[in-house]
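Enquirer: Sequence and predicted structure are below.
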Amino acid sequence: MEKTFETPGAVRLSVEIHAGLVVVTSTATARTVVSVEADAPGAEELVRRASVECQPAGDKQLVTVKLPHVYGMRLLRRNAVTVRVEVPEGAHVAVATASANVEINGPVGEVDFKTASGDASIDDVVADVAAKTASGNITIGKVGGDIRAHTVSGDLRCSSVAGTALFSATSGNLELGAAGSRVEVKVTSGDVRLGDLAHGAQVMNVSGNVRVLALGEGTLKVRSVSGDVAVGVAKGVDLHVDVETATGLVHSDIPLTDAPGGGTRPEARVDLSVRSVSGNVEIGRALEHVA
């Protein structure tokens with residue numbers, strides 16, 4: 001099945017399927033093209049019953065792709081469907097699946113992604129991102145707005161976030177290249193790697209290591225259980241340190257005194273607070289290029 005809609009202006013895309021693959025590609029076009037294909041003979045009936053529509057919704061064109069519900073893991077595998085959608089650049093994209101993988105290629109305006117057991121690969125997003133998966137990995141490029149991402153038994157990776165970043169992961173690792181605003185991280189049974197932090201972060205981690213490559217300004221608060229903590233601090237900042245570990249060692253390449261030393265950038269202050277139950281803490285100079 002393939003349908004083409006004339007969609008000049010803003011577009012909001014909504015896709016709901018259970019199993020298979022969703023591929024959304026944004027291009028310099030004024031049309032939206034939807035293709036739905038069965039991945040197995042058992043899914044042909046689902047394709048015939050699929051609902052693909054376009055209708056005005058306020059100042060946007062709403063394009064919806066919805067397949068009938070199926071239940072049970074065997075039924076999901078036998079009813080896998082591939083949905084491919086070409087949308088104009090800047091379209092808002094919402095995808096809800098049970099076990100389908102999602103690929104979003106090209107710049108889009110906003111992303112809302114939910115799945116029980118699928119992976120997501122998302123290119124650059126101009127606005128906000130909300131992503132949630134129970135058992136899958138999430139990889140995202142640059143985010144121009146805020147991001148809220150959660151995964152259970154999966155990894156989270158993001159190149160950079162301009163706005164607020166809220167991450168949580170259980171049994172998975174987190175990696176963030178750069179952040180321009182507030183960052184909050186909660187990870188259990190996984191490692192945390194943060195690149196260039198312009199305004200600090202708050203990190204809570206259990207059974208994993210925490211590494212911050214470049215802390216340039218703001219407050220970094222780390223609470224760690226059973227893991228090492230390593231922090232790189234930018235040169236020339238006014239550094240304030242409060243570190244305590246129960247059964248680990250503290251080492252710093254930067255001289256730590258009772259009174260903070262004045263940096264060459266007096267307007268830039270870094271407050272570092274670390275509490276570790278069972279792990280070492282290491283403080284050093286930031287790398288020049290980390291993202």
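Expert: Thanks, I have the structure now.
Enquirer: where are the low-confidence patches of the stretch 1-150 of the chain?
Expert: 70-78 (pLDDT under 70).
Enquirer: At which residues are the helices of it located?
Expert: 44-49, 73-78 (DSSP state H, counting those that start in this stretch).
Enquirer: and the first one, what does it pack onto?
Expert: This means helix 44-49. Using 3 or more C-beta pairs under 8 Å, 6 or more residues apart in numbering; DSSP states H and E as the contact test, the elements touching helix 44-49 are strand 31-38. In short, each C-beta sits where N, CA and C put it, glycine included.
Enquirer: Can you tell me what sits against the strand it packs on?
Expert: 1-7, 11, 13, 44, 46-47, 50, 52, 54, 61, 63, 65, 67, 80-88, 91 (C-beta atoms under 8 Å, 6 or more residues apart in numbering).
Enquirer: Could you check that strand and say which residues are buried?
Expert: 32, 33, 34, 35, 36, 37, 38 (16 or more other C-beta atoms under 10 Å).
Enquirer: Could you dump these into JSON lines and include distance to residue 251?
Expert: Below are these laid out as JSON lines (distance: C-beta to C-beta, whole Å):
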{"residue": "32", "distance to residue 251": "56"}
{"residue": "33", "distance to residue 251": "58"}
{"residue": "34", "distance to residue 251": "57"}
{"residue": "35", "distance to residue 251": "57"}
{"residue": "36", "distance to residue 251": "58"}
{"residue": "37", "distance to residue 251": "57"}
{"residue": "38", "distance to residue 251": "59"}
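Enquirer: for the residues you listed, which one is nearest residue 19?
Expert: residue 38 (11.2 Å; C-beta to C-beta).
Enquirer: so what's the nearest residue to residue 4 once chain neighbours are set aside bridging to?
Expert: Once flanking residues are discounted, residue 4 sits nearest to residue 33: 5.0 Å by C-beta to C-beta, 6 or more residues apart in numbering. Residue 33 has these beta-bridge partners by DSSP bridges: residue 4, residue 86.
Enquirer: same check, this time on residue 192
Expert: Beta-bridge pairing for residue 192 (DSSP bridges): residue 174, residue 210.
Enquirer: Any chance of the backbone angles for residue 18?
Expert: phi -100, psi -50 (degrees, to the nearest 10).
Enquirer: Give the burial count for it, as a bare number.
Expert: For residue 18, the count of nearby residues is 23 (other C-beta atoms under 10 Å).
Enquirer: And it, how close does it get to residue 195?
Expert: According to C-beta to C-beta, to the nearest Å, residue 18 and residue 195 sit 36 Å apart.
Enquirer: same thing with residue 105?
Expert: Taking C-beta to C-beta, one finds residue 105 at 24 Å from residue 195.
Enquirer: So for the two, which sits in the more crowded spot?
Expert: Shown here are residue 105 and residue 195; by other C-beta under 10 Å, residue 195 has more neighbours (22 against 15).
Enquirer: Where does the more buried one sit: helix, strand or coil?
Expert: Following DSSP: H, G, I helix; E, B strand; the rest coil, we place residue 195 in the strand state.
Enquirer: Would you mind measuring from the residue nearest to residue 4 to residue 24?
Expert: Taking C-beta to C-beta, one finds residue 33 at 11 Å from residue 24.
Enquirer: likewise residue 148?
Expert: According to C-beta to C-beta, residue 148 stands 20 Å off from residue 24.
Enquirer: repeat for residue 197
Expert: 31 Å.
Enquirer: These two: which has the busier surroundings?
Expert: Just comparing residue 197 and residue 24: by other C-beta under 10 Å the higher neighbour count belongs to residue 197, 30 against 23.
Enquirer: need the contact list for the more buried one.
Expert: So residue 197 contacts 178, 179, 183, 212, 214, 215, 216, 218, 220 (C-beta under 8 Å, 6+ apart).
Enquirer: Most widely separated two among those residues?
Expert: 178 and 220 (14.6 Å).
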